[in-house]
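Fold the following for me, if possible:
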Amino acid sequence: MSRIKELQKKLYKGGACSKMEIMSLAEEPLEELCQAADEVRRHFCGNTFDLCAVISAKGGPCSEDCKFCAQSGANPSCREVPRFSLLGTEKLLEDAVEKDSRGMMAYGIVSSGRVLPGEDVEELCHSLRLLRQKTSLRLCGSLGLLGKEDLDKLKAAGMQMIHNNLESSESYFQKMCTTHTYEEKKATIRAAKAAGLGVCSGGIFGIGECLEDRIDLALNERELGVDSVPVNLLDPAPGTPFEGAVPLREEEVRRTIALLRFALPKVFIRLAAGREYLSDKGRACFMSGANAAISGDFLTTMGISIDKDLKMLRALGYEI
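Predicted coordinates for the structure are as follows:
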């Protein structure tokens with residue numbers, strides 16, 4: 001029995017792959033590995049595909065010094081970031097209703113900054129109550145390092161999920177950011193779980209990390225019990241330390257997706273920012289273990305249109 005089939009069988013029996021076992025798959029033939037990862041996806045998740053949209057609900061340069069982020073106040077690129085206060089209920093509702101009508105399942109409300117201030121949390125709670133009444137969307141918030149009290153308020157108002165990326169392995173994250181810690185991110189994720197919220201947490205690839213860093217990230221997400229793992233591919237934005245960086249090879253992206261599926265057989269693995277750099281806009285990744293995506297535009301970059309995504313995913317046999 002091949003190594004790939006051996007680990008598939010282990011997963012199907014309810015086991016979990018160790019770091020060493022996942023690392024061993026990195027040398028296996030790419031097409032065989034991707035096909036097996038897709039079989040694992042179908043076994044545990046069926047053909048359900050989770051498609052979400054995001055909105056920048058509060059914008060401006062961020063206090064944090066994440067090297068890869070165009071909104072970081074530590075990067076000259078932040079001068080180009082529009083600054084605006086939290087969007088009101090009317091604007092959020094208009095956008096959410098439009099996304100709901102076009103087939104989105106989830107709606108991510110994103111704010112710039114270390115943490116959404118308390119007064120903004122109260123205002124957002126008011127908006128959430130109406131969004132829950134007027135749409136069928138799963139409401140998600142990417143609102144920084146929130147504590148249990150604010151998370152409880154958001155949950156009571158109708159929020160169902162919190163997004164908070166770990167970004168990479170703990171050791172590599174320390175090289176990318178010094179203004180907050182990995183443990184602070186984990187604390188927010190644990191607090192969200194304690195509040196009864198789902199968690200979307202993943203990383204960004206192509207920032208100089210190695211494959212082992214990506215696997216360590218996946219194992220941290222597994223330990224935390226997250227529900228969705230977004231995969232962001234570096235956008236080498238001008239004014240950041242990664243300006244001019246060469247995007248990851250598509251074969252490496254597919255292999256990474258497949259390894260994530262072996263580490264996280266039951267979660268939604270979600271292609272997020274940077275998908276536009278892939279020549280097929282993610283099609284091969286959706287046949288290599290990924291089963292979710294962010295559709296439409298992102299915070300600082302253009303994305304893939306909703307209509308194009310729906311057409312591609314239906315052609316692949318996914319249920320939307």
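
Give the buried residues for stretch 10-20.
Of the residues in stretch 10-20, 11, 17 count as buried by neighbour count, 16 or more other CB atoms under 10 Å. Bear in mind the C-beta positions are built from the backbone N, C-alpha and C, glycine included.

Please apply the same query to stretch 165-176.
165-170, 172-173, 176.

chain center to that stretch, what's the gap?
Its chain's C-alpha centre and that of stretch 165-176 lie 15 Å apart, by CA atoms, centre = their mean, to the nearest Å.

what's next to the host helix or strand of Phe44, contact-wise?
Assessed by DSSP states H and E, Phe44 sits inside helix 30-45. Residues outside helix 30-45 that contact it (CB atoms under 8 Å, 6 or more residues apart in numbering) are 2, 4-5, 8, 11-12, 25, 251, 254-255, 257-259, 261-262, 265-266, 268-269, 284, 287-291.

average pLDDT for it?
For helix 30-45, the mean pLDDT works out to 98.

Filter the buried residues of stretch 165-176 down to just the ones in helices.
170, 172-173, 176 (DSSP state H).

any low-confidence regions in this structure?
1, 297-303 (pLDDT under 70).

again, 80 this time
Applying pLDDT under 80 to the chain picks out residues 1, 78, 296-304.

Show me what the top strand by length along it is packed against.
Assignment by DSSP state E gives strand 50-58 as the longest strand of the chain. On a contact count with 3 or more CB pairs under 8 Å, 6 or more residues apart in numbering; DSSP states H and E, strand 50-58 meets helix 89-101, strand 106-111, strand 138-142, strand 268-271, strand 292-294, helix 306-315.

Quick check: end-to-end length of stretch 135-149?
Stretch 135-149 has an end-to-end distance of 26 Å (CA to CA, to the nearest Å).

Next, count neighbours for Asn164.
Applying other CB atoms under 10 Å, we find 25 residues neighbouring Asn164.

what do you get for Gly103?
When neighbours are defined as other CB under 10 Å, Gly103 has 15 of them.

thought it was touching Asp50?
No - using CB atoms under 8 Å, Gly103 is not in contact with Asp50; the gap is 11.6 Å.

can you pull out the helices in the stretch 201-320 of the chain?
In the stretch 201-320 of the chain, the helices defined using DSSP state H, counting those that start in this stretch lie at 211-224, 250-263, 306-315.
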